[in-house]
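[1] Predicted model follows, preceded by the sequence.
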Amino acid sequence: MDVRSQVSMVFHLDKCIGCHTCSIACKNIWTDRKGAEYMWWNNVETKPGTGYPTKWEDQRIYKGGWERTGDGVALKGAGKRRGLTNIFHNPNLPVIDDYYEPFTYKYLDLIESPAGDDQPTARPISMITGEPMDIKMGPNWDDDLSGTPDYARNDPNLEALSPAEREAMFQLERMAFFYLPRICNHCLNPACVASCPSGAIYKRGEDGIVLINQEVCRGWRMCVTACPYKKSYYNWATGKSEKCILCYPRLEAGYAPACMHSCVGRIRYLGVMLYDAERIERVASSPTEDLVENQLGMILDPFDPEVILAAKANGIADSTIHAAQNSPTYKFVKKWKLALPLHPEFRTLPMLFYVPPLLPVMASVKPVDNEQQAEKMHEIAKYWPDNWLYDTSTKDLWGTLDQVRMPLKYMASLFSAGDTEQVKDRLKKLMAVRVHRRHTTVGDIDAEQAQRALFEADLTAELADEIYYLTSLAKFNDRFVIPAAHREQAIEMLEFAGDVKGSTGFGFKSGSATRGS
Amino acid sequence: MREIFGKLLAAAKPVAGLAAIVGMLTPTMGRAESGADLFKSRCVACHTVGGGKLVGPDLKGVADRRSSAWIVKFVQSSQTMIKAGDPEAVAIYNEYNKMPMPDWPLSPAEIESIIEYTKSAAGDGATAAAAAPAPPPKATAEEIALGQKLFVGSVRLANGGPACSSCHDVANDAVISGGVLARELTNAIGRSGHQGVRSILGSIPFPVMQKAFEGKPLTEEEITALVAFLDSENASHKGAMPRDTGIKLAAGGGGGAVFLFLMYSVLWSRRKKGSVNQAIYDRQVASR
């Protein structure tokens, strides 16, 4: 057992409102630079949709990720042989038109234009050429299903559905969508690291953050091809590739990454998980149907004395083990089994997990008498004399799951390599928690039905309340359990602190000041 | 006098080039020689009738290609015609590596008789065979050594002519400071052949060189030695003179490139071509 710690993330998709605040926070801090304008280390996609860059999930186009070979895995579009044959021209790279041409507006024209008959206009200006341009595409051009035939219907995940199922998804009153915020997954088996000919990309030992060393990067762009999530971007101004750094300077100082800190819906959770690094290759090369189970299997129980012993032997600090025990991601992913990795079939073992969205559930409108309710309300309260209820309860408990507007097969294509049972399992739990809470707070579902829901979802009332707490009431320190970075130990790897012992005071590095000098 | 030269001519038969020299040394004397004799004594070093190209063109059917007046003018002074810009003369000059034909002090009548001979000998296999260059005798080491000494001037030319290295150079360590006034001679034999070099040395066609050797002709032994020396130089620098492949090399390169690109387009036929958004972009209307 080779225990290592990994900072992992959980995004609760039921809570995402698609406001792009995370993207803006990230952009303002990290990618608001020349050459990085088109980079969205964090982006929010509408599903169904083609995403960013367009159709990134279709590896027949971009050749990212790993492929299962006879006895292991091999990079699909990079690696030694392919790297050599494509050394002067790598055709699998996304081009700028697969992203979009970054633009700004000539805002000064609005205030500096001479007086005239018309209002001045701020023309769009290309941030690459500096010339006026026609905006053809943006990073979220498919937002909220806009341009549906071009974007939503071209979602690569729809291939898992039959034509009839696809049509049903886009019928006017059944049409639904949800948001999929994406950052670098900081994978356990990162294809970008494996593909880099310069050895510039590495996975940090202490927390598993995947970073590109800008001093070593030679701009081969093999990582851009290799990353199946297209989260490595080439900076055309510096000639080097860049990617999400999980705000490691913030993490080291105990802050949550900017995208998570700013999240309006509080959908993001971050915490440490301990995993067994010995199993990486075996898990990555396991059959597609076992991928999710095996990946969850290599995440270790931080309360297991054996695991703790092995972790300590590997130099993992007590504070990190403690953080792993309190990790919200461990609870979501392993304890409650509520979260799933995005596209596990890429075999990179991503460490960003998603709680699949339950909404929108099928509901019916049934007539009820709201008179009694209305009388309880304060006289100045706004009151609609509606006598109907938007009823999401159901007599046959899981019947609605099979009729969800977003077909299970579609969800399974995103989160479980096609295994609908995995997704159904998660949705059942989400629904059971909802039924349980409805019984507790609203009371229109009887105890027997709530109990049955919990039982069938393999939950107890206590667990359901825990899930409810972390989903709905969690405070900052519940959502982000960030282990201490132990900078004081890190510096001892580079220099011997004893050298400067006794010379503290003013001027730590140069020795203390002496009289007369 | 005539007999003496006749004997000399007979003695020099194996060395065909000598005929040209001897011919030059015996300008129009006494009665007119027959066209055949004139051809054999003066032209055969560089030309054949129906035997293919040597240093100069095959003269078979020359009377059909050119007018008599043109031929007379060319034989008497080809360089004058070339300088005057006669297009045919210039074309011939360029075709044969800019090797000038010596000016022959022959009367128009004598030249006419040679033309008559080329007509009668046309297709005469015997003539062709006779005109074919005799294989050069194997040069001895002494000859080569003498040639080298003559070239650099450590042995003087018998008639007082200047040493070759005054103006010429060869790629040989023994020739320390060859001249750069005239052409580099390492591959002279390769360019002009034994016969060509022999006839050049025997009857110098280049105006500057003519002046330098005016009244100081090279002797037969000196010519043999120099040719032997230049031949050994040529042999040891064969690779320095790339084979002339004509259009084949360029065509082969171009064809190979086309083949490679075709192969690439087949091998990489499933590559990503252009943007995945192209269909969307194509429908968009540009404002400009």
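    On my side now, so go ahead. Computed from a predicted structure; not experimentally measured.

[2] For A:Q119, the count of nearby residues, please.
    A:Q119 has 7 neighbours, counted by other Cβ atoms under 10 Å in any protein chain shown. From N, CA and C alone the C-beta is placed, and that goes for glycine too.

[3] Next, it: secondary structure please.
    Look at A:Q119: counting by DSSP: H, G, I helix; E, B strand; the rest coil, its state is coil.

[4] What of A:R4?
    Going by three-state DSSP: A:R4 is strand.

[5] what's the distance between the residue lying closest to it once chain neighbours are set aside and A:V3?
    Nearest residue to A:R4, sequence neighbours excluded (Cβ to Cβ, 6 or more residues apart in numbering or on different chains): A:A277, at 4.9 Å. A:A277 is 8 Å from A:V3, where distance means Cβ to Cβ, to the nearest Å.

[6] model confidence over the longest helix along chain B, on average?
    For chain B, the longest helix by residue count, based on DSSP state H, is helix B:247-267. Helix B:247-267 shows a mean pLDDT of 93.

[7] Is there any residue in that helix that contacts chain A?
    No - applying Cβ under 8 Å from any Cβ of the partner chain, one finds helix B:247-267 separated from chain A by no less than 8.9 Å.

[8] Mind telling me what element A:L274 is part of?
    For A:L274, the element it lies in under DSSP states H and E is strand A:268-276.

[9] Which is the succeeding secondary structure element to that strand?
    Next in sequence after strand A:268-276, counting helices and strands by DSSP H and E, comes helix A:280-284.

[10] So between A:A277 and A:V3, which is more surrounded?
    A:V3 (24 against 15).

[11] Was I right to think the more buried one contacts A:I299?
    No - contact between A:V3 and A:I299 fails when scored by Cβ atoms under 8 Å: they sit 10.8 Å apart.

[12] Now do the shared contacts for those two.
    In terms of Cβ atoms under 8 Å, 6 or more residues apart in numbering or on different chains, A:V3 and A:I299 are both contacted by the residues A:274-275.

[13] Any regions of the chain where pLDDT drops low?
    No chain was given, so I picked chain A. Under the criterion pLDDT under 70, the flagged ranges of chain A are A:173, A:359-365, A:390-400, A:402-403, A:502-517.

[14] should've been chain B
    Low-confidence segments of chain B, defined by pLDDT under 70: B:1-33, B:45, B:121-137, B:240-243, B:288.

[15] Identify the residues contacting A:M175.
    A:145, A:169, A:405.

[16] Most neighbours among these, which one?
    Result: A:M169 is most packed of the contacts of A:M175 (other Cβ under 10 Å), 21 neighbours.

[17] Relative to the whole chain's centre, how far out is the longest helix of chain B?
    36 Å (Cα atoms, centre = their mean, to the nearest Å).

[18] Could you export it as CSV, CA atoms only?
    What follows is helix B:247-267, C-alpha atoms only, in CSV (Å, rounded to 0.1, in the frame of the first residue of the first chain):
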residue,chain,number,x,y,z
ILE,B,247,16.3,17.3,-66.1
LYS,B,248,16.2,13.9,-64.3
LEU,B,249,17.4,15.1,-61.0
ALA,B,250,14.9,18.0,-60.7
ALA,B,251,12.1,15.9,-62.1
GLY,B,252,13.0,13.1,-59.7
GLY,B,253,13.0,15.5,-56.7
GLY,B,254,9.7,17.1,-57.7
GLY,B,255,8.1,13.8,-58.4
GLY,B,256,9.4,12.4,-55.1
ALA,B,257,8.0,15.4,-53.2
VAL,B,258,4.6,14.9,-54.9
PHE,B,259,4.7,11.2,-54.0
LEU,B,260,5.6,12.0,-50.4
PHE,B,261,2.8,14.5,-50.1
LEU,B,262,0.3,12.1,-51.6
MET,B,263,1.5,9.4,-49.2
TYR,B,264,1.1,11.8,-46.3
SER,B,265,-2.4,12.7,-47.3
VAL,B,266,-3.3,9.0,-47.4
LEU,B,267,-1.5,8.1,-44.2
